[in-house]
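*Asks:* Quick one, structure for this:
(chains A and B)
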Amino acid sequence: MTILWLILWLLAGGLIAGFSERIHPNAPRWVSLGVIAVAFVLLWGIPIDDVQTAAWIPRFGISVILAMDGLSFALVALNLFLGIVAVVSSWNEIERSHGFFQFNLLWTLAGVAGVFTALDLFLFFVFWEVMLVPMYFLIAIWGHEARAYAAMKFFLFTQISGLLMLFAILALVYVNYAATDVITFSYKALLGATIDPEIAYWLMLGFFVAFVVKLPGVPFHTWLPDAHTQAPTAGSVLLAGILLKTGAYGLLRFVVPLFPDAALDFRWPAMLLGAVSVVYGGYVAYSQSDFKRLVAYSSISHMGFVLLGVFAWNTVAVQGAVVQMVAHGFSTAALFMMAGALQQRLHTREMGEMGGLWARAPRMGAVTLFFVIASLGMPGLGNFVGEFMVLLGAFQVNVPLTIVAAAGIVVAAVYALSLMQRSFQGTPNPDVAVMADFGAREMSVMILMMLALVWLGVYPETLLGLSRPVLMGMGLPP
Amino acid sequence: MSSIDYLALAPHITLTAAIMLLVLLVSFWRNHLAAMILTVGGFAGAFAALFFAIRTATWEVTPLYLFDGFAAFFDGMILIAAAVTALISFRYLDGRTGRQEEYYLLLALATLGAMTLVSAQHFASLLLGLEIVSISLYALVAYPEEGNPPLEAALKYLVLSGVGSTIMLFGMALVYHATGTMAFDEMGRFAATGDRSDLWLAAGQAILVAGIAFKLSLVPFHMWTPDVYQGAPAPVTAYLATVSKAAVFAVLLRFAFRTDMLDNGAVFGIVAIMAILSMVAGNLLALLQESVKRILAYSSIAHLGYLMIGLLAVAALADHAMALETSLVFLAGYLAMTLTAFAVVTELTPADRATDVDLVNDYTGLFWRRPVLASVFTVALLSLAGIPLTAGFIAKFYLFAAGVEGALWTLIWAMILGSAISIYYYLKIVFAMTARADDVQHRSASWAGTVTAVGLALLVVALGTYPTPLIELVRMLVDGIG
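*Replies:* Sure thing, here's the model as predicted:
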């Protein structure tokens, strides 16, 4: 029962953290850290390829099927790690209702862990929707000035696309039911379903839209800049770091394996959306004056590579997409944490009011420089490996779109360096005379994320080796 | 009458006895608490009697009245909902001017009428049950002695419900003209052998359905609903939205099932159009509302629209048991979450206010002042929005499944569209509750009201998290009819 215990532990931990506020206002964040630490231990105890099954709603052939393979393991570990980053980054930011805040944070982590391990389509859908609710509360309660609008938009986009997915799931199950006379929501059982090609195409689109909204890909991205900008730092870290990856994971785990032929038919438009996202996201990022909004748009650009890689559907490209998912999780989480730290110190996100901050806070400047460099794809860091492998794989499938996406790397250099220049370099703003630099608490998580990116950049085999058997199992062409 | 007849009628007899006792009690000793306890006891007794009555399996007591698993399930839901209504009414009425005891009498009478409707298999018992429910409700809606809104609501309800009954009677007359019978079964036999395309029959059924649509408040016969829901006292609104809807739907479902009415394309089309209009218009109009009770009114219109998918599944699915199962599970979920929402609204209304706590703004900051009630309300609203792990999701999931199985594509798209719209106005209330406000006052929660509300919310979550017992129960009970 180990995977289930991990999820239940996070849920229970959320309740404990919520009520611990009655003991001491500062207790929830410590409880939260402890809960995540124990969750790490539990995760460590779960053997790879562990599968748990239990009947749930036999009427519809719905079971609790939780499975841990290399890909799930990497993403759940990233999830928990970013949970710690989120707790640390919001250490002093949250002023009221610490208990409920940590409760929502831990329940988001639990929902995401469920999404990455569920292998029953009904259960997957349940986790998919349930992780939205605590995230909605994080944005709606602790968000910035336009939180009402942002939280509503975030919820509506994901919920509506989720309904399309539910429709597609049910249609898939009933198509399979009509053919085999067995009603089941099990992923493994539905993998081999024989579906009329035309129906398969529509069902595939139902899943595709839900996942691309979450990814997000152009033209479904408009919720992201608002939600990321308005969310509290912990919310942004989790949103960009891990919630976007659930979309990528869904494409990889469900869309292509369940509908291989339909997905291949749809390859060109999907890769086009990916390439457009890369360039468009980068282009719009450059024109932002809000630190956080710029980072948010850069996420669209980076996740475009994932879309491109998944639909190129060969081992190199998909491996690249996996590396990109993890690397982007670290680099963007760090930049959002930086944005939150700056906002807390300066009470603004406008880069026009920053400038020359390096002189005031050299540690923050250096850290920002590192992650900006990572974000623009410097060799030796994880993001480069991901983007390079995606481009390498995509090149074998579609040369023009690969060229377009490669141009996106140039755009990345422009917006990333301009971010650095406008905030930390240039003439110091006389209004900002003193600014507290990062302390040990912040530096320690930042250093961990730097080490992770360097490791991914220098020796990506750790991650590649984890995900390789999974991708082989999906029947990827080399 | 044989002893088995009495056994099958045991729930009705128990409730009737409780009503008589209540009359005596009120005549000799006026006590609000005693009246409430006696009423809830009567509901509980009738509920217990169901377990004996169900031993008769399917039993016909006169050609008017049939007791079977289907009726038992509806009776059970109705009795629970009525008991919850009585419980949440206590504090609402306590401290208000005027006499409170007769309120419970009317409530028990309406419930008796609802149970009659559920077992009706003949036009005569249908009408009888319907009028007992409606006439009791006219008085209940106007019950508080203070203020004009309840009076206005009652008058509107009286006139429009009367119109609905009249239309229905006309439809019955036409059906009788075509088939020569008032019993559902014989109509079914007529449909199987006689001339299906008889214009009188189709017209009669269509008009009958329109009359019932008035009672179910389906678009375009919904106009009375928001005003009456808003004007009526909150617990009565809860009753209107749950018990009266469930009972009328039960008889409609039984009628459609027994007479194969929906096999007629025209009748099917009319129901489908009303369903789609209700889902889309109900949700769109809810967007414009500032009053929580009006939002819940439009949301109930939309939910009744969704429920029509369950009705249409009777004709669209070869598997009749699945069609019945869908409707029953949906209604169980709908009743649980609607009662939960209204329990909170009722609990927050102070006794010294003529109107209920009603505007969305009145709920600002509820999360920080009354965290328990706010959490309960959030659960109810998320369930109404169809978020997983709540009863509302399982309810909608069933409709999705039935719709996909029966290939009712247009209706499913309407439901997706309607659900998408509805998220906005449910979240609007949730957001208001999470906002910070220092100037809004909230009434302190009562012990009994809080326990009821929390219990209901737990039920909503339990049904959503582990629906298997409910599904098994429904399948066992409808097994004999399908």
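*Asks:* what about the residue nearest to residue A:210 when sequence neighbours are not counted, neighbour count?
*Replies:* Residue nearest to residue A:210 in three dimensions, not counting chain neighbours: residue A:165, with 3.7 Å by CB to CB, 6 or more residues apart in numbering or on different chains. Quick note: C-beta positions are derived from backbone N, CA and C, even for glycine. Counted by other CB atoms under 10 Å in any protein chain shown, the residues lying close to residue A:165 total 24.
*Asks:* Equivalent analysis for residue B:385, please.
*Replies:* Other residues within reach of residue B:385, judged by other CB under 10 Å, total 25.
*Asks:* Where does the closest residue to it other than its chain neighbours sit, in terms of helix or strand?
*Replies:* Leaving aside its chain neighbours, residue B:385 sits nearest to residue B:426 (4.4 Å; criterion: CB to CB, 6+ apart). If you go by DSSP states H and E, residue B:426 is part of helix B:409-434.
*Asks:* and if you look at residue A:66?
*Replies:* According to DSSP H and E, residue A:66 maps onto strand A:62-68.
*Asks:* show me where pLDDT drops low in the chain?
*Replies:* Chain wasn't specified; assuming chain A. Residues of chain A that meet the criterion pLDDT under 70 lie in A:1, A:478.
*Asks:* I was thinking of chain B, sorry if that wasn't clear
*Replies:* For chain B, the stretches with pLDDT under 70 are B:97, B:145-146, B:194-197, B:351-357, B:439-440, B:480-482.
*Asks:* Output the set of residues of it in proximity to chain A.
*Replies:* Applying CB under 8 Å from any CB of the partner chain, we find that chain B lies next to chain A at B:368, B:382, B:385, B:387-389, B:393, B:397, B:400-401, B:404-405, B:412, B:416, B:419-420, B:423-424, B:427-428, B:430-431, B:434, B:436, B:466-468, B:471-472, B:475.
*Asks:* re the thing from before, so what's the residue count around the residue nearest to residue B:385?
*Replies:* For residue B:426, the count of nearby residues is 24 (other CB under 10 Å).
*Asks:* can you give me the strands for the chain?
*Replies:* Using chain A. For chain A, applying DSSP state E gives strands covering A:50-57, A:62-68.
*Asks:* wait, chain B
*Replies:* Here chain B has its strands, by DSSP E, at B:59-61, B:65-67.
*Asks:* Name the nearest residue to residue 18, sequence neighbours excluded.
*Replies:* Looking at chain A here, since you left the chain open. The shortest distance from residue A:18 to any non-neighbouring residue, by CB to CB, 6+ apart, is to residue A:103 (3.7 Å).
*Asks:* nope, chain B please
*Replies:* Spatial nearest neighbour of residue B:18, chain neighbours left out: residue B:42 (2.6 Å); criterion: CB to CB, 6+ apart.
*Asks:* swap in residue B:298?
*Replies:* Residue nearest to residue B:298 in three dimensions, not counting chain neighbours: residue B:286, with 3.5 Å by CB to CB, 6+ apart.
*Asks:* now swap in residue B:107 and tell me
*Replies:* residue B:86 (6.0 Å).
*Asks:* And residue B:293, by the same measure?
*Replies:* Leaving aside its sequence neighbours, residue B:293 sits nearest to residue B:230 (CB to CB, 6+ apart; 4.7 Å).
*Asks:* cool, and residue B:334?
*Replies:* That would be residue B:303: by CB to CB, 6+ apart, it lies 5.5 Å from residue B:334.
*Asks:* List the contacts of the residue nearest to residue B:107.
*Replies:* By CB atoms under 8 Å, 6 or more residues apart in numbering or on different chains, the contact set of residue B:86 is B:36, B:39-40, B:43, B:104, B:107.
*Asks:* which among those residues gets closest to chain A?
*Replies:* Minimum distance to chain A across the contacts of residue B:86 is 29.6 Å, recorded for residue B:43 (CB to the nearest CB).
*Asks:* give me the number of residues near the residue lying closest to the closest one once chain neighbours are set aside?
*Replies:* Spatial nearest neighbour of residue B:43, chain neighbours left out: residue B:83 (4.2 Å); criterion: CB to CB, 6+ apart. A count of nearby residues for residue B:83, using other CB under 10 Å, gives 21.
*Asks:* Excluding covalently adjacent residues, which one is nearest to residue A:231?
*Replies:* Excluding the flanking residues, the one nearest residue A:231 by CB to CB, 6+ apart is residue A:139, at 4.7 Å.
*Asks:* Chain B versus the one you found, what's the distance?
*Replies:* Distance, residue A:139 to chain B, using CB to the nearest CB, to the nearest Å: 10 Å.
*Asks:* That residue contacts residue A:154, doesn't it?
*Replies:* Yes. Shown here, residue A:139 and residue A:154 form a contact pair, counting by CB atoms under 8 Å, at 6.3 Å.
*Asks:* who touches both of these two?
*Replies:* Taking CB under 8 Å, 6+ apart as the contact rule, residue A:139 and residue A:154 both touch residue A:227.
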